[in-house]
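**Student:** return a 3D structure for these sequence lines:
(one chain, ligands or ions: 1)
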Amino acid sequence: MTSLATNARATDGTAELDAVIIGAGFSGMYQLHTLRDRLGLSVQVLEAGEGVGGTWYWNRYPGARCDSESHSYCFSFSQELLNDWEWSERYPAQPEIIRYLNFVADRLDLRRDVKFGTRVVAADYDESRNRWDVTTEAGERFSAKYLITAVGCLSTTNVPKFEGLESFAGEWYHTGAWPHEGVDFTGKRVIQIGTGSTGIQAVPVIAETAAHLTVMQRTPQFSVPARNTPLTDEFRRWVKEHYPEIHEVMRGTTNGHSFRIMERNAFDVDDDERMAIYEAAWEKGGLQFRANFKDMLTSKAANDTAAEFIKHKIRQIVKDPATAEKLANIDHPYAAKRPPIDTNYFDTYNRDNVSLVDVRADPIAAITPTGIRLQSGAEHAADIIVFATGFDAMTGSLLRLGITGRDGLTLAKAWEAGPRNYLGLQVAGFPNLFTITGPGSPSVLCNMPVAIEQHVEWITDCIAHLRGHEIERIEARDEASDEWVQQVNEAARATLLPEAHSSWYLGANVPGKPRVFMPYAGGMARYRAICDEVAARDYEGFELN
Ligand code: N01
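**Tutor:** Just a heads-up that it's a prediction; the model follows:
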C-alpha cells in the first residue's frame, strides 16, 4: 500500500494526502502525531483558530480554568512530555493550558502540518476514488483517504436568538469566543446570562471590577468549591514518581479522573457519618465530591442526600434569603447536569454590586438598546452583556462541517432524529470518516484527555490495521449502529442523568434540537474494553473492504 510521504498536489491545486484532521486541540494534535510520526502518513490539520488549543484557544473568559486537576489534564502517552512540564496550580487556568499545548506543539514539531485560520465548510466522500474532498472557507481544497474530525464537543457557541440583540448599544460577548485582548469591566454595568460551569467561573471575577453585575439565571445549578491552590514541590515530586499508578486509576475508572469512586453506597453509613463524609469532601473540594458514594448517580435517594447537603450550604453562604432560595431551588439530581466547581461563586452574591434575576420565572423578552427587558416589562440596564449560554454541544461542531457521505447522504440528514453511529467513532454511509469523542462515546462524561487518548490510539491502530492488510475502507454497519444507539440509551437510562431535563447532554439547551442523551454513560473503562474487544474480533460491526 502506498503512502504519500509528502503532500502531493493535483493539477487543479488540490493537496493530496493520506489524512485530513479537522481541529488542532488536544485531539487533533495527538492524532497528527500518531498518524504522521508513528505510521508515516502524510497528514494535514485544518484549524479555524490562529493557534493550537481548540476549546482553550477560544474560551478566554474571566475565570476560565479547568475542572480536572492539572496532573490529570494532560497527555499521558509521552514520558518526556510528562517529565518536562510543571503545572503551577491544582486546576490549571486557561493561559497555562495554552502554554502547555504550545509546549507540546513545539516538542512534537506539530505546527508545520497545521494550517491555521482555515475553516472547513464542506467534506464530500467520492466513492469512485475512495477519497474525501475537503473544502475550506477560502476555497482551498484537500483530498484524503481518511477524514478525522477533532472538533471537540463544546465548540459551537450558542447565542440564543433574542429579539433586538442587533439594537444593543453596548458591547456583548460569548464566553466561548472571547476577545484575546480581554474585556475591561471596570466601572461598567454588566449583565451575564447563564449559570453553567462557565458562568459560575466568570461571575466572581467579573464582580471584582464591574460597577454592577446582574446575573440572569434560568436553571439554578449545584456547585462545590474547587479549592484551587498552588501546587507544592512535594506534590509535584510525588506526581512525577507515581505516574504509572495515577494513569492506571485514570484509565480504570468510570470518569477518567485520578481519584477512585468509593465502593460504598450512601446508605451503607449512618446519617452522621454521611454528613461527615460530605463535610470533608466539601472542604477538599473538586469533582471528587460526586465520587463519595458509588450509587450517587443511580439512586435518587442516595443522590438526594448530596443534593440536600449542597442546598443547605448555599442557604448558609448566601445572606439574603430570597437570593439564597433562587440559587438553591434546584430541580435536577446532583451531577445529572455537568456539575460545576467554583471559587467563591455563592459568596459573590453577598456583594453589594451583584444581583440575581430569575429568568425562568420572568423570561427574557428582548434585548433593547440599553439592556434587557423581561416579559414582566422589568428593564435591566447594561453597558456589557456576557453570554455564558453554552454550546450546541456534541453534534453542532460536526454538523457545521458540511459533511456528505456516500450517495449524497449528508450528516445532517443521517442525524435528523439525533446522532446515530457506532461506538461514537463512525457513521454508516461515511466510510473512512472517524469522529474523535463523537456523540455515543464517553467524551464529556470523562476527563477529556483520557477519552481523547483512547480514541486517537484506537483510530491509529485501526488505520495501521487497514494499511497492513491492504484494506481500503472501513465503515460502520447499520445493524451495529442501531445496537450501539440502543446501548447508549440503556446506559443513560441506568443512571439519573436523563432526569435533568434542561441538560445540554440531551440537547435541551438549543431550541429545536432532537432530545437524545448523547454521551455514552456506561463508563470509560467499560467503553475502552468494548472498543478493544471490537478491534480484537477483526473490527466486528464494521464493514472492511
Ligand atoms: O454552558 P451550559 P457552559 N435564556 O450549557 C443558560 C464545559 N466546561 O458554557 O440550564 C436564559 O452548561 C443555561 O440555562 P439552562 C462543561 O462540560 C468545562 O457553562 O439551559 N439562559 C445555562 O445556565 C460544561 O458543562 C470547564 O436552563 C440561557 C447556561 O446558559 C460545558 O462546558 C469550564 C439561555 C449555559 O450553561 C458547558 O458549560 C467551563 C436562554 N435562552 C465549561 N440559553 C472546564 O473546567 C442558555 N442559557 C474544563
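**Student:** in its sheet, what does the helix or strand of the chain with the lowest mean pLDDT sit against?
**Tutor:** When the helices and strands of the chain are compared on mean pLDDT, DSSP states H and E, strand 8-9 comes out lowest with a mean of 82. Its sheet considered, strand 8-9 pairs with strand 15-22 (antiparallel) by DSSP bridges.
**Student:** give me the distance from the strand it pairs with to the chain's centre.
**Tutor:** Put simply, strand 15-22 sits 25 Å off its chain's centre (C-alpha atoms, centre = their mean, to the nearest Å).
**Student:** can I get the CA coordinates of the helix or strand that comes right after that strand in CSV?
**Tutor:** Once the chain leaves strand 15-22, the next helix or strand it forms, by DSSP states H and E, is helix 26-32. This file holds the C-alpha atoms of helix 26-32, laid out as CSV (Å, rounded to 0.1, in the frame of the first residue of the first chain):
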residue,chain,number,x,y,z
PHE,A,26,-5.8,18.1,22.3
SER,A,27,-7.3,15.5,19.9
GLY,A,28,-6.1,16.9,16.6
MET,A,29,-2.6,17.4,17.9
TYR,A,30,-2.2,13.9,19.2
GLN,A,31,-3.9,12.4,16.1
LEU,A,32,-1.4,14.3,13.9
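**Student:** which helices and strands does helix 26-32 pack with?
**Tutor:** Other elements packing on helix 26-32 under the criterion 3 or more C-beta pairs under 8 Å, 6 or more residues apart in numbering; DSSP states H and E are strand 15-22, strand 43-46, helix 94-107, helix 448-468. (Glycine included, C-beta is placed from N, CA and C.)
**Student:** contacts for it next, please.
**Tutor:** Contacts of helix 26-32 with the rest of the structure, by C-beta atoms under 8 Å, 6 or more residues apart in numbering, involve 21-22, 24, 43, 45, 47, 52, 54, 75, 77, 101, 104-105, 108, 110, 113-114, 148, 150, 152, 436-437, 448-449, 452-453, 455-456, 459-460.
**Student:** give me the buried entries from those residues.
**Tutor:** Buried subset of the contacts of helix 26-32 (neighbour count, 16 or more other C-beta atoms under 10 Å): 21-22, 24, 43, 45, 47, 52, 54, 75, 101, 104-105, 108, 110, 113-114, 148, 150, 152, 436-437, 448-449, 452-453, 455-456, 459-460.
**Student:** for residue 339, which non-adjacent residue is spatially closest?
**Tutor:** Of all residues not flanking residue 339 in the chain, residue 222 sits nearest, at 5.6 Å (C-beta to C-beta, 6 or more residues apart in numbering).
**Student:** phi first, then psi, for that neighbour.
**Tutor:** When quoted as degrees, to the nearest 10, the phi and psi of residue 222 stand at phi -70, psi 150.
**Student:** in the stretch 51-200 of the chain, what residue lies closest to the ligand?
**Tutor:** Closest approach of the stretch 51-200 of the chain to the ligand (C-beta to the nearest ligand atom) occurs at residue 196, with a separation of 2.3 Å.
**Student:** one step back: residue 315: which of the helices and strands packed on helix 26-32 is closest?
**Tutor:** For these, the distance to residue 315 is smallest for helix 94-107, at 31.7 Å, taking C-beta to C-beta.
**Student:** in the closest one, which residues are buried?
**Tutor:** Result for helix 94-107 [16+ other C-beta under 10 Å]: buried residues 94, 96-98, 100-101, 104-105.
**Student:** can you pull up the bridge partners for residue 543?
**Tutor:** residue 475.
**Student:** roughly how far apart are it and residue 473?
**Tutor:** Counting by C-beta to C-beta, to the nearest Å, the separation of residue 543 from residue 473 is 8 Å.
**Student:** hang on, residue 531 packs against residue 456?
**Tutor:** No - with contact defined as C-beta atoms under 8 Å, residue 531 does not count as touching residue 456 (12.0 Å).
**Student:** stretch 421-439 near the ligand at all?
**Tutor:** No - Stretch 421-439 is not in contact with the ligand by C-beta under 6 Å from any ligand atom; minimum separation 12.0 Å.
**Student:** oh, I was asking about stretch 280-298
**Tutor:** No - using C-beta under 6 Å from any ligand atom, stretch 280-298 stays clear of the ligand, coming no nearer than 9.1 Å.
**Student:** phi and psi next, for the nearest residue to residue 320 once chain neighbours are set aside.
**Tutor:** In space, and not counting its chain neighbours, residue 320 is closest to residue 349: 7.2 Å by C-beta to C-beta, 6+ apart. Main-chain dihedrals, residue 349, degrees, to the nearest 10: phi -70, psi -10.
**Student:** if I look at residue 349, how far off is the ligand?
**Tutor:** Taken as C-beta to the nearest ligand atom, to the nearest Å, the spacing of residue 349 relative to the ligand amounts to 15 Å.
**Student:** what of residue 260?
**Tutor:** 21 Å.
**Student:** how about the contacts made by that residue?
**Tutor:** Contacts of residue 260 (C-beta under 8 Å, 6+ apart): 249, 253, 291.
**Student:** what do you get if the cut-off is 6 Å, keeping everything else the same?
**Tutor:** residue 253 (C-beta atoms under 6 Å, 6 or more residues apart in numbering).
**Student:** quickly find the element holding it.
**Tutor:** With DSSP H and E as the test, residue 260 turns up in no helix or strand.
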